[in-house]
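In: fold the following, please.
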Amino acid sequence: MKVYRERKDIVTIRGNPVTLVGSELKPGDKAPDFTVLDGDLKEIRLRDFAGRIKVISVTASLDTPICYMQTRKFNQEAAQLSDTAVMLTITMDLPFAISLFCMTAGVDKIKTLSDHKYASFGNAYGVLIKELRLLAHSVFVIDEDDTVRYIEIIPELTHYYTYDKAFHYVKKLA
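Out: So this is what the prediction gives:
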């Protein structure tokens, strides 16, 4: 079993520090591969989007108002991107719950994926919250060559994300 690094003092929940598990990525790093599930329980990997710009919106749970708003906003922005880019939302929610959410919320421009089975993404990108087995709110922008270009981890899990920096960066790449 692989042992992952633990980091503290990066994210809090209602002011209480939590532990992030996994690799600490920085802009310029090669984006690690991961395995997540789509709503049909099909395994999806980073390499499935080879040659495209990848925008990864990471949420704790789509059942929370903050994650709901973040996912809806990314869905709206995805409609404005060219075919050279793809937007993904990754959460620890079950694939069935994700499918229901997308259907009822009208989310149809992004790929919404579950890290519940393996926690592969959370560990590879260093955003798995040890105490809750949830993912920290964050955004990753990865270029066509799978190089990480932008990272933002939201320091407080209960705060809204300001999308402007990430979307500005994506539009420069696309």
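In: so which elements touch whichever helix or strand Asn75 is part of?
Out: For Asn75, the element it lies in under DSSP states H and E is helix 65-78. When contacts are defined as 3 or more C-beta pairs under 8 Å, 6 or more residues apart in numbering; DSSP states H and E, helix 65-78 sits against strand 53-58, strand 85-91, helix 95-105. Where you see a C-beta, it was placed from the backbone N, CA and C, and this is true even at glycine.
In: touching the last one from outside, list them.
Out: Contacts made with helix 95-105 from outside it, assessed by C-beta atoms under 8 Å, 6 or more residues apart in numbering, are listed as 37-41, 62-63, 68, 71-72, 91, 93, 107-108, 112-114, 116.
In: now it: buried residues?
Out: 95, 97-99, 101-102 (16 or more other C-beta atoms under 10 Å).
In: tally of neighbours for Leu113?
Out: 24 (other C-beta atoms under 10 Å).
In: the strands in this protein, which residues?
Out: Chain-ordered strands for the chain, with DSSP state E as the definition, fall at 6-7, 12-13, 16-17, 20-21, 35-37, 43-45, 53-58, 85-91, 111-114, 128-129, 134-135, 138-142, 148-153.
In: of all the ones you listed, which one is nearest Gly28?
Out: Distance to Gly28, taken as C-beta to C-beta, is lowest for strand 148-153 among those, at 6.8 Å.
In: distance from the closest one to the middle of the chain?
Out: Taking C-alpha atoms, centre = their mean, to the nearest Å, one finds strand 148-153 lying 11 Å from the centre of the chain it belongs to.
In: same deal with stretch 6-20?
Out: Centroid separation between stretch 6-20 and its chain, computed with C-alpha atoms, centre = their mean, is 18 Å.
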